[in-house]
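Asker: Here's a sequence, model it:
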Amino acid sequence: MDDPVAEIPYVIALLTETPPSLQLSTVNQYFTSDASFTHPFCRTGSSAHSRYLIERIYRWYKIMSPRITANVHSVSFDEKNLVLYVGLTQVFAIWAIPTHRSEVSLVTVLHLSPQKDSRDHDKVKYYISSQNDLYQTDQFIKFILPWISILVPIWQFLATIFCVIGSYLFAPVTWWEEHFQDHFTRPERPPKWSDAR
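Answerer: Next up is the predicted model:
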């Protein structure tokens with residue numbers, strides 16, 4: 001990609017809404033050969049030929065749902081860290097289950113790898129070196145059990161009520177942490193952000 005922010009909606013459309021041959025050429029054109037892919041249901045890791053696994057994942061995705069529609073709502077590019085954040089919605093319908101139709105929202109985090117253009121060495125092209133699809137629990141459950149996905153928000157609201165009650169019941173712990181927190185300050189630093197690459 002020459003301009004990741006402008007081009008990523010088109011790339012996503014090519015990956016999700018085109019015939020198999022064009023989908024395959026899109027993976028080969030826009031992903032590095034050692035690119036990784038992370039999703040709630042699958043993961044490739046990064047290796048010399050991991051792009052092949054990404055090809056197969058996208059292929060199976062289209063076999064399960066031949067008609068996928070995706071709509072990109074927002075794109076943000078962290079140029080310093082070469083990370084592209086894409087907010088999108090998609091409709092996924094398994095052909096073998098006529099009643100199955102899932103409308104899901106997600107944020108896709110794409111780590112980019114800049115490389116000099118083979119034709120024009122003054123230009124830089126960006127390739128996807130890592131894709132991480134982030135779904136809320138109520139969204140990814142729609143893929144497998146769409147008719148019970150309504151239970152997830154109910155469970156989440158119940159957990160919120162439990163948090164409120166627990167915060168009052170264990171108020172002495174809050175007081176204790178407030179007065180003695182310095183005793184538990186750890187000198188080590190948090191791990192470096194990797195975003196499941």
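Asker: biggest strand in this structure, by residue count?
Answerer: When the chain is parsed with DSSP state E, its longest strand is strand 102-116.
Asker: how much does the following helix or strand past that one deviate in direction from strand 102-116?
Answerer: Downstream of strand 102-116, the first helix or strand assigned by DSSP states H and E is strand 124-134. Orientation of strand 124-134 against strand 102-116 (axes from the mean of the first three to the mean of the last three Cα atoms, to 10 degrees) gives an angle of 150 degrees.
Asker: before we move on, back to that, show me what the longest strand of the chain is in contact with.
Answerer: 1, 4, 8, 12, 32, 82-93, 123-136, 139-140, 142-143, 146, 195, 197 (Cβ atoms under 8 Å, 6 or more residues apart in numbering). Where C-beta positions appear, they are placed from N, C-alpha and C, glycine not excepted.
Asker: now do stretch 4-21
Answerer: Contact with stretch 4-21 is made by 1, 22-23, 26-27, 30, 58-59, 61-62, 68-70, 72, 75-77, 84, 86, 88, 90, 108, 110, 112, 126, as judged by Cβ under 8 Å, 6+ apart.
Asker: Next, the buried residues of it.
Answerer: Buried residues in stretch 4-21, defined by neighbour count with 16 or more other Cβ atoms under 10 Å: 4, 8-9, 11-16.
Asker: Could you do stretch 49-69 as well?
Answerer: For stretch 49-69, a neighbour-count test (16+ other Cβ under 10 Å) marks 50-51, 53-55, 57-58, 61-62, 64-65, 68 as buried.
Asker: From the chain's centroid, how far away is it?
Answerer: The chain centroid and the centroid of stretch 49-69 are separated by 15 Å under Cα atoms, centre = their mean, to the nearest Å.
Asker: With stretch 72-89 instead?
Answerer: Centre-to-centre, stretch 72-89 and its host chain are 11 Å apart (Cα atoms, centre = their mean).
Asker: Same check on stretch 94-101?
Answerer: Remark: stretch 94-101 is offset 23 Å from the chain centroid, using Cα atoms, centre = their mean.
Asker: With stretch 167-185 instead?
Answerer: Relative to the centre of its chain, stretch 167-185 is centred 36 Å away, using Cα atoms, centre = their mean.
Asker: Tell me how far the closest residue in space to residue 93 that isn't next to it in sequence lies from residue 51.
Answerer: In space, and not counting its chain neighbours, residue 93 is closest to residue 101: 4.5 Å by Cβ to Cβ, 6 or more residues apart in numbering. Residue 101 sits 30 Å away from residue 51, going by Cβ to Cβ, to the nearest Å.
Asker: Can you name the residues bridging to the spatially closest residue to residue 84 that is not a sequence neighbour?
Answerer: Closest residue to residue 84 apart from its sequence neighbours, by Cβ to Cβ, 6+ apart: residue 110 at 4.2 Å. For residue 110, the beta-bridge partners are residue 84, residue 131 (DSSP bridges).
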